[in-house]
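Undergrad: Here you go, sequence then predicted model.
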Amino acid sequence: MTRLEGVQVGEMEAGQAAELFQRYAKLSCKSPGTQDEVLSIVKELGCLALAVTLAATYVGSTPRLQGNIKAYLPEYRQRRRELLRRKPVSLVHQYSESVLTTWETSYAAVASQSTEASVLMTMLSFLSFDDIYLDLFCIDAVQDGVEQAGKSSLSWRRLVSAQQPVDVYKIEECFAVLQKYSLVQWKAEQQGYAMHKLVHAWGHDRLTAEEQSTYSQAAFGLVVEAIEGCSQAPDDKLRLVPHVMGSFAALSGATDTENEISEDVIDEMEGVGGFVRDLGRWLETRAIEEYVWQARQALLGEEHPDTISAMSNLANTLGEQGQLDEAAGMMKEVLEKRRRILGEEHPDTISAMSNLAVTLGEQGQLNEAAGMMKEVLEKRRRILGEEHPDTITAMSNLATTLGQQGQLDEAGAMKKEVLEKRRRILGEEHPATIRAIHNLAITLRQQESEGHQSSWPKTTVRTSLALSQRSDVPLSPPYTSGRRRTKVLAWLSRKPRT
């Protein structure tokens, strides 16, 4: 299956195509014979805008053709015969012979000038086709003498240039060569490069399965580096997401989880999923976590702790998406396995119980949820102590469920205790403190609306609600901190790639 379906390559009128060719080819001779030859060329190219642009740019960069345009078509036809011998006719026809032949001609010209540029261009086909910006390549890592983490993936730097360091000048030089042949375009409004979808897709599909596996792992290593080097600004992180998902799609499609992908790569992929998850991109997170879970099963088996953790993370994401029945089913299986393998008192078992309790509460199964939450709170108090953040979170979640059950006095007392501890430990401005104010305010208002007497002044309710509406504090109702993940971005602390 190919990467591209239904992409328009832009068929033009013959006269328009000839004008486009003339503009890019920069022909020194404007004689009627030259114009007739240009018309013959664009007609043989099917008057497709992309093919015409690639062909004309190639001519404009090749002095021998600028002086003798009649030499172009014989060369083009020879290249087309070579292409048809290498690739199935059905695949070639899907893309259009003219486009692919001009692409191959331009690619060969690039490779003759700069091997690094040709390799970089192929690797770009394993990222997103749009907004390819220089910071994506983490150039500072080499300049500072620091090799990035992600040791499990093939180093994209060694793939691009095995002999010389890949610095900012080398990357800019590569893009200059690619831009010269119209294989990438600079988009000033984005401050990044873009590739035509067809150019991007053919760069992938023209490779053998082994080559696709090699390039997909190298591109994934680049993405891991980019995540580690990314600033904390949300816009910078979001800018990375299309490249993260492009790399993930390429890697998951090019590797066999049972034979070709290592456990280290799966660890890194799990970390990449965490990066996307923290941005609230649940669809993308689910795709990555499903793959990680399946890969863990294939590599480690159903009962391995890492497989169970992957299942737990996927279940949590399903819960965040509102797919509560499926999430609860998986969480019950996670809890059963952790009880059996780790025991009742293990922190991961208690976290699994907490996650399931939260989901049951969201399903409206309040009695069962409250029972589990009481057990979680009791264990965390005994094992972790009263002041531990997980203990306070367990109290907050139980208080929320009690409030939903109508036990407002008990819920209010617990929420008041949670707020007091959050203030004392975290301070007034911490998001968790403000969420605690929000949760208490809800209960106070419920008490007020039902005629309950409250010892808290009315101004406290108004102040609490006002604070809870602050735009800089993300709330996750009805529970204080939702579901807890049991694995972190472990690959961030790995040793550098050698």
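TA: Yes, it's here.
Undergrad: Pull the number of nearby residues for residue 315.
TA: Residues near residue 315, counting by other Cβ atoms under 10 Å, number 27. From N, CA and C alone the C-beta is placed, and that goes for glycine too.
Undergrad: Make 32 the starting number, not 1.
TA: Noted, 32 is the first residue going forward, which turns the last one into residue 346.
Undergrad: pLDDT on the helix or strand containing it, on average?
TA: Per DSSP states H and E: residue 346 is located in helix 336-351. With pLDDT averaged residue by residue, helix 336-351 scores 95.
Undergrad: packing partners for it?
TA: Where contact means 3 or more Cβ pairs under 8 Å, 6 or more residues apart in numbering; DSSP states H and E, helix 336-351 is packed against helix 294-308, helix 313-331, helix 355-373, helix 378-394.
Undergrad: In a markdown table: the ones you listed, plus mean pLDDT.
TA: Shown next, in a markdown table, are these (pLDDT from 0 to 100):
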| stretch | mean pLDDT |
| --- | --- |
| helix 294-308 | 92 |
| helix 313-331 | 94 |
| helix 355-373 | 97 |
| helix 378-394 | 96 |
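Undergrad: Next, format the ones you listed as TSV and append mean neighbour count.
TA: Below are the helices and strands packed on helix 336-351 laid out as TSV (neighbours: other Cβ atoms under 10 Å):
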stretch	mean neighbour count
helix 294-308	23
helix 313-331	20
helix 355-373	18
helix 378-394	23
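Undergrad: The most centrally placed residue in the chain: what's it in contact with?
TA: With distances taken as Cα atoms, centre = their mean, the residue of the chain nearest its centroid is residue 275 (3.2 Å). By Cβ atoms under 8 Å, 6 or more residues apart in numbering, the contact set of residue 275 is 254, 258, 303, 306, 307, 315.
Undergrad: And the helices in the stretch 132-281 of the chain, which stretches?
TA: Remark: helices assigned in the stretch 132-281 of the chain by DSSP state H, counting those that start in this stretch are 146-155, 170-174, 187-191, 199-211, 228-236, 240-260, 265-285.
Undergrad: just to revisit the earlier point, got the CA coordinates for the helix holding residue 346 in CSV?
TA: These are the backbone C-alpha positions of helix 336-351, laid out as CSV (Å, rounded to 0.1, in the frame of the first residue of the first chain):
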residue,chain,number,x,y,z
PRO,A,336,4.9,-5.4,34.3
ASP,A,337,5.7,-3.2,31.3
THR,A,338,2.9,-4.8,29.3
ILE,A,339,0.4,-4.3,32.1
SER,A,340,1.6,-0.6,32.5
ALA,A,341,1.1,-0.1,28.7
MET,A,342,-2.4,-1.5,29.0
SER,A,343,-3.1,0.8,32.0
ASN,A,344,-2.0,3.8,30.1
LEU,A,345,-4.2,3.0,27.1
ALA,A,346,-7.1,2.4,29.4
ASN,A,347,-6.5,5.8,31.0
THR,A,348,-6.5,7.5,27.6
LEU,A,349,-9.8,5.7,26.7
GLY,A,350,-11.2,7.2,29.9
GLU,A,351,-10.1,10.6,28.9
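Undergrad: in that helix, what's buried?
TA: For helix 336-351, the neighbour count (16 or more other Cβ atoms under 10 Å) marks 336-351 as buried.
Undergrad: Determine which two of the residues you listed are furthest apart.
TA: Using Cβ to Cβ, the buried residues of helix 336-351 span at most 22.7 Å, a distance reached by 336 and 351.
Undergrad: re the thing from before, adding distance to residue 454, write the contacts of residue 275 out as a markdown table.
TA: As requested, these are exported to a markdown table (distance: Cβ to Cβ, whole Å):
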| residue | distance to residue 454 |
| --- | --- |
| 254 | 41 |
| 258 | 35 |
| 303 | 36 |
| 306 | 32 |
| 307 | 33 |
| 315 | 36 |
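Undergrad: Show me where the stretch 32-181 of the chain dips below the pLDDT cut-off.
TA: By pLDDT under 70, the low-scoring segments of the stretch 32-181 of the chain are 32-43, 112-129, 170-181.
Undergrad: please redo it, this time with the cut-off set to 90
TA: 32-67, 69-70, 72-100, 103-141, 143-144, 160, 166, 168-181 (pLDDT under 90).
Undergrad: Tell me where the stretch 32-181 of the chain has strands.
TA: With DSSP state E, counting those that start in this stretch as the definition, the stretch 32-181 of the chain shows no strands.
Undergrad: related to what we said a few turns ago, could you dump the helices and strands packed on helix 336-351 into TSV and include distance to residue 60?
TA: Formatted as TSV, the helices and strands packed on helix 336-351 follow (distance: least, Cβ to Cβ, whole Å):
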stretch	distance to residue 60
helix 294-308	54
helix 313-331	53
helix 355-373	68
helix 378-394	74
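Undergrad: Tell me which of the ones you listed sits nearest to residue 439.
TA: Minimum separation from residue 439 across those (Cβ to Cβ) falls at helix 378-394, 16.3 Å.
Undergrad: what does that closest one rub up against?
TA: 336, 340, 343, 346-347, 350, 355-356, 358-359, 362-363, 365-366, 369-370, 373-374, 397, 399-401, 403-404, 406-407, 410-411, 414, 425, 428, 431-432, 435, 509-510, 513-515, 517.
Undergrad: As CSV, could you dump the C-alpha coordinates of it?
TA: Taking C-alpha atoms only, helix 378-394 is exported to CSV below (Å, rounded to 0.1, in the frame of the first residue of the first chain):
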residue,chain,number,x,y,z
PRO,A,378,1.8,1.1,44.9
ASP,A,379,1.0,0.1,41.3
THR,A,380,-1.9,-2.1,42.5
ILE,A,381,-3.3,0.8,44.6
SER,A,382,-2.9,3.2,41.6
ALA,A,383,-4.8,0.6,39.4
MET,A,384,-7.6,0.6,42.0
SER,A,385,-7.7,4.4,42.1
ASN,A,386,-7.9,4.6,38.3
LEU,A,387,-10.7,2.1,38.2
ALA,A,388,-12.6,3.9,41.0
VAL,A,389,-12.4,7.2,39.1
THR,A,390,-13.8,5.6,36.0
LEU,A,391,-16.6,3.9,37.9
GLY,A,392,-17.5,7.3,39.4
GLU,A,393,-17.6,8.8,36.0
GLN,A,394,-19.9,6.0,34.9
